[in-house]
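**Q** predicted coordinates and the sequence they were generated for:
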Amino acid sequence: MSATRPRAVGYDELAALKLLALDGGLDGEVKVSCSGLADRLDASNQTASRRLQQLDDAGLVEREMVSDGQWVSITEDGKWALKREYEDYRRIFETPAGIDLTGTVTSGMGEGRHYISLPGYMEQFEDRLGYEPFLGTLNVELTDESIRARSAMEALEPVHIDGWEDDERTYGPAVCYPAVVETQDGEVYEQAHTIAPERTHHDEDQLEVIAPEKLREELELEDGDHVTVHVEETA
Ligand SMILES: Cc1cc2nc3c(=O)[nH]c(=O)nc-3n(C[C@H](O)[C@H](O)[C@H](O)COP(=O)(O)O)c2cc1C
Ligand SMILES: Nc1ccn([C@@H]2O[C@H](COP(=O)(O)OP(=O)(O)O)[C@@H](O)[C@H]2O)c(=O)n1
Ligand SMILES: [Mg+2]
C-alpha cells in the first residue's frame, strides 16, 4: 500500500465511498438516496449520482436500483481502496511499529552461554518467550546511528525477565523485544529476541540477540558480517 500508487478513482469518489462504509457498506447492502448522499457531500444530487456511478464503473461498489433509491455494497476492491487511505493516515499519525538496528556480528566474552543456561532465566524464557533459547547471545556491534536509534526502543513495550537469586548470589533482570534478524544477503530469521541484561559488561554499542537456534549456523554468520535486527513491539 503506497501513497504513490495510482488510485482507481479520485478523492471526491473516495469521500463518497467512505460515507458508504460508515453506513455499513462493508458488511452488506445499504440503502442510499442520492439526495441524502448529496447533503452529506455538500454537493448537488447530480454530483452525488455521478460519484456513485464512478465508484460503480471502477468496480468499487455494486448497486441495485429500486424505485426510491438504490442498494449499495462495497466490493473487495472498494475495501482495498479505503484501506490504502487508512494506511496513509496510519503512517501519518502513528509512531513506527518497530525499529531497525544495524551492526556487525562480533564475539564477546563467552559469558552469554552461562547466563542463558541458568534455570532461573531458562524457565522464564520458556514461559514468556515461548522457547528454550540456544545457549548464548549473538553479539552485534551497532553502528553509531543505531546506538542512537536504540534509545527509541524504550517507547516499545518489552517482555520483562525478572531478577532472581540462589544460595550464593543474586541475578539481575533483563528486557527482551521480539526481533527479526536479516543478513546482508537477505536471509531472515524470524523468531529471535533482543536481550538487554540490566547488569552487563557491555556498553550500549553491543546488542545481544537470543533465539531457539544457533544464528551463526542458521544464517551462516561470521564475525564481521553485517546484520539488521528489526525490533518489534510485543504483540
Ligand atoms: C539473561 C542474562 C542475565 C544476565 N545477568 C547478569 C548478572 O546478573 N550479572 C552480570 O554481571 N552479568 C549478567 N549478564 C551479562 C553477562 O555478564 C554479559 O555481560 C553479557 O551477557 C555478554 O556476554 P557475552 O559477551 O559472552 O555475549 C547477564 C546476561 C544475560 C544474557
Ligand atoms: N542464538 C544464538 C546465540 C549465540 N550464538 C553464538 O553462540 C556462541 C555462544 O554465545 P556467547 O554469548 O556465550 O558467546 P559470545 O557472544 O561472548 O561470543 C557465540 O559464538 C554466539 O555468537 C548464536 O549463534 N546464536
Ligand atoms: Mg554473546
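**A** Sure, I can see it. Ligands and ions are numbered 1, 2, ... in the order given.
**Q** please name every helix or strand in contact with the helix or strand where Arg63 lies.
**A** Following DSSP states H and E, one finds Arg63 within strand 61-66. The contact analysis (3 or more Cβ pairs under 8 Å, 6 or more residues apart in numbering; DSSP states H and E) places strand 61-66 against helix 45-57, strand 69-74. No exception for glycine: its C-beta is placed from N, CA and C like everyone else's.
**Q** got the angle between the longest one and strand 69-74?
**A** An angle of 40 degrees separates the directions of helix 45-57 and strand 69-74 when computed by axes from the mean of the first three to the mean of the last three Cα atoms, to 10 degrees.
**Q** any idea of the angle helix 45-57 forms with strand 61-66?
**A** Inter-element angle recorded for helix 45-57 and strand 61-66: 130 degrees (by the same axes, to 10 degrees).
**Q** what do you get for the shortest one?
**A** Going by the same axes, to 10 degrees, strand 69-74 is angled at 160 degrees with respect to strand 61-66.
**Q** how about the residues of the protein by ligand 1?
**A** For the chain, the contact set with ligand 1 under Cβ under 6 Å from any ligand atom comprises 108-112, 115-116, 121, 137, 139, 171-172, 174, 195, 197, 199-202, 208.
**Q** may I have the helix or strand bottoming out on mean pLDDT in the chain as PDB, with CA atoms only?
**A** Every helix and strand of the chain was ranked by mean pLDDT, DSSP states H and E. The lowest is helix 76-93, at a mean of 83. This file holds the C-alpha atoms of helix 76-93, laid out as PDB (Å, rounded to 0.1, in the frame of the first residue of the first chain):
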ATOM      1  CA  GLU A  76     -13.300  -6.100  -2.100                       C
ATOM      2  CA  ASP A  77     -11.600  -3.600  -4.400                       C
ATOM      3  CA  GLY A  78     -13.600  -0.800  -2.700                       C
ATOM      4  CA  LYS A  79     -12.500  -2.100   0.700                       C
ATOM      5  CA  TRP A  80      -8.900  -2.100  -0.600                       C
ATOM      6  CA  ALA A  81      -9.200   1.500  -1.800                       C
ATOM      7  CA  LEU A  82     -10.300   2.600   1.700                       C
ATOM      8  CA  LYS A  83      -7.600   0.500   3.300                       C
ATOM      9  CA  ARG A  84      -5.000   2.300   1.400                       C
ATOM     10  CA  GLU A  85      -6.200   5.700   2.600                       C
ATOM     11  CA  TYR A  86      -6.300   4.200   6.100                       C
ATOM     12  CA  GLU A  87      -2.700   3.000   5.800                       C
ATOM     13  CA  ASP A  88      -1.600   6.500   4.700                       C
ATOM     14  CA  TYR A  89      -3.200   8.100   7.800                       C
ATOM     15  CA  ARG A  90      -1.800   5.400  10.000                       C
ATOM     16  CA  ARG A  91       1.700   6.300   8.800                       C
ATOM     17  CA  ILE A  92       1.000  10.000   9.400                       C
ATOM     18  CA  PHE A  93      -0.300   9.700  12.900                       C
END
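**Q** which neighbouring elements make contact with that helix?
**A** Using 3+ Cβ pairs under 8 Å, 6+ apart: helix 76-93 touches helix 11-22.
**Q** what's the neighbour count on Glu190?
**A** Per other Cβ atoms under 10 Å, the neighbour tally for Glu190 reads 11.
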